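>>> mind folding the following:
(one chain, ligands or ions: 3)
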Amino acid sequence: MACQANAEQIKSNNEAFAVPNNNAFGHSFRDYDKESERRAGVENFYKTNHINQTYQFAKKKKEEYGKLNRAEMSIWECCELLNEFVDESDPDLDEPQIEHLLQSAEAIRRDYPNEDWLHLTALIHDLGKVLLHPKFGGEPQWCVVGDTYPLGCAFDESIVYHKYFGENPDSKHPIYSTKLGIYKENCGLENVTISWGHDEYMYTVMKENKTTLPPAGLFIVRFHSFYAMHRNGAYSYLMNEEDKENLQWLRIFNKYDLYSKSKVRVDVEKVKPYYLSLVQKYFPAKLKW
Ligand SMILES: O[C@H]1[C@H](O)[C@@H](O)[C@H](O)[C@@H](O)[C@H]1O
Ligand SMILES: [Fe+2]
Ligand SMILES: [Fe+2]
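Ligands and ions are numbered 1, 2, ... in the order given. Now for the predicted structure:
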């Protein structure tokens, strides 16, 4: 399969995307301290998120939404539902989410023309944000978007707005507050309970609907918001060899996920036939959500 090729090699051969210095608001990307029109809202978002994401909470949500009994629809129908949502956790983008999906997919497609699985992975990576939709219970933003992190073990200091974990009951738990917590060294990320949100939900949707996308595609979707791990190198003691392999692809993907955020809109109708053909290749026509 294409993605078994060495990720770093493919990268050096193809890379062309110029990483912009500034986001659409004139600041550097992921700067959570800089005063901007989005800053206060983003901080408030993380305060609520960090206080309420506990191990028990994430377990419960995973079970509840893991039933996939809310809707039947195609991948494209879901993309269209995201037209109405703006992500409150994001300091770099205030456009509807469908724009972000197309922007990241088109950017990665330009640099990796032969990795069609990567184009589709980018298109669908944030579809889990559909949890915000009334059809899915209209979940509040704090348990759908934002960076994610492991639960059941200590919160690493590199997580954004770490200070707000002080008010999370798990930070006083005798086991959950220790470095390894309930986990064994190198147990593999698939065995770790991550804070509940769009990543884990979309991973479940993909898996249960039997996507034929390669393991790296599933890994990207499941852990793309886990910045403490893929950007800061934290929690490496929970990772196994397979995670480390997949991480190479996640790092490539992240560049396009983050730095493609802009005010330049993609012509949806123009690119739609291409993405529909990929959806057909890797997914059933209707999926359970
Ligand atoms: O604000 C963003 C946004 O919610 C993304 O979808 C998520 O993947 C990122 O990790 C987060 O920082
Ligand atoms: Fe995301
Ligand atoms: Fe994204």
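>>> close to ligand 2: what parts of the stretch 51-200 of the chain are there?
Selection of the stretch 51-200 of the chain residues close to ligand 2 by Cβ under 5 Å from the ion yields residue 126. Every residue, glycine included, has its C-beta placed from N, CA and C.
>>> which single residue in the stretch 51-200 of the chain comes nearest to ligand 2?
Nearest to ligand 2, among the residues of the stretch 51-200 of the chain, is residue 126, at 4.4 Å (Cβ to the ion).
>>> low-confidence ranges in the chain?
Low-confidence segments of the chain, defined by pLDDT under 70, are located at 1-15.
>>> in it, which residue sits furthest out from the middle?
Here the centre of the chain is the reference, and by Cα atoms, centre = their mean the most remote residue is residue 174, at 29.7 Å.
>>> mind checking how far that residue is from residue 123?
43 Å (Cβ to Cβ, to the nearest Å).
>>> how about the helices of the stretch 151-289 of the chain, start to end?
Using DSSP state H, counting those that start in this stretch, the helices of the stretch 151-289 of the chain run over 198-208, 215-223, 227-230, 241-259, 268-282.
>>> same question, the stretch 1-150 of the chain
7-14, 39-52, 55-65, 75-81, 97-111, 116-124.
>>> closest to residue 289 out of those?
helix 75-81 (7.2 Å; Cβ to Cβ).
>>> ok, back up a step: turn the helices of the stretch 151-289 of the chain into a markdown table, columns for mean neighbour count.
Shown next, in a markdown table, are the helices of the stretch 151-289 of the chain (neighbours: other Cβ atoms under 10 Å):
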| stretch | mean neighbour count |
| --- | --- |
| helix 198-208 | 22 |
| helix 215-223 | 24 |
| helix 227-230 | 21 |
| helix 241-259 | 19 |
| helix 268-282 | 14 |
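>>> need those in CSV (columns: distance to residue 152).
Listed next are these as CSV, based on distance: least, Cβ to Cβ, whole Å:
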stretch, distance to residue 152
helix 198-208, 14
helix 215-223, 16
helix 227-230, 15
helix 241-259, 17
helix 268-282, 32
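>>> what's the closest of those helices to ligand 3?
Closest among these, once you apply Cβ to the ion, is helix 241-259, at 4.4 Å.
>>> that closest one - contacts with which helices or strands?
With contacts defined as 3 or more Cβ pairs under 8 Å, 6 or more residues apart in numbering; DSSP states H and E, the packing partners of helix 241-259 are helix 7-14, helix 97-111, helix 116-124, helix 215-223, helix 227-230.
>>> now do the buried residues in the second one.
What that stands for is helix 97-111. 97-109, 111 (16 or more other Cβ atoms under 10 Å).
>>> out of those, which are close to ligand 1?
Applying Cβ under 6 Å from any ligand atom, the subset of these adjacent to ligand 1 is empty.
>>> hang on, the earlier thing: which ones are touching the residue of the stretch 51-200 of the chain closest to ligand 2?
82, 97, 100, 101, 198, 202 (Cβ atoms under 8 Å, 6 or more residues apart in numbering).
>>> tell me the contacts of the residue nearest to the second one when sequence neighbours are not counted?
What that stands for is residue 97. Nearest residue to residue 97, sequence neighbours excluded (Cβ to Cβ, 6 or more residues apart in numbering): residue 82, at 4.0 Å. Listed by Cβ under 8 Å, 6+ apart, the contact set of residue 82 reads 96, 97, 98, 101, 126, 127, 129, 130.
>>> tell me the spacing between residue 82 and residue 232.
Between residue 82 and residue 232 the distance is 28 Å, computed by Cβ to Cβ.
>>> please report how far the residue in the stretch 51-200 of the chain positioned nearest to ligand 3 lies from residue 136.
For the stretch 51-200 of the chain and ligand 3, the shortest gap (Cβ to the ion) falls at residue 126, measuring 4.4 Å. Residue 126 is 14 Å from residue 136, where distance means Cβ to Cβ.
>>> quick one on the thing from earlier: distance to residue 280 added to the buried residues of helix 97-111, as JSON lines?
Formatted as JSON lines, the buried residues of helix 97-111 follow (distance: Cβ to Cβ, whole Å):
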{"residue": "97", "distance to residue 280": "22"}
{"residue": "98", "distance to residue 280": "19"}
{"residue": "99", "distance to residue 280": "23"}
{"residue": "100", "distance to residue 280": "23"}
{"residue": "101", "distance to residue 280": "17"}
{"residue": "102", "distance to residue 280": "18"}
{"residue": "103", "distance to residue 280": "22"}
{"residue": "104", "distance to residue 280": "21"}
{"residue": "105", "distance to residue 280": "16"}
{"residue": "106", "distance to residue 280": "19"}
{"residue": "107", "distance to residue 280": "22"}
{"residue": "108", "distance to residue 280": "19"}
{"residue": "109", "distance to residue 280": "17"}
{"residue": "111", "distance to residue 280": "24"}
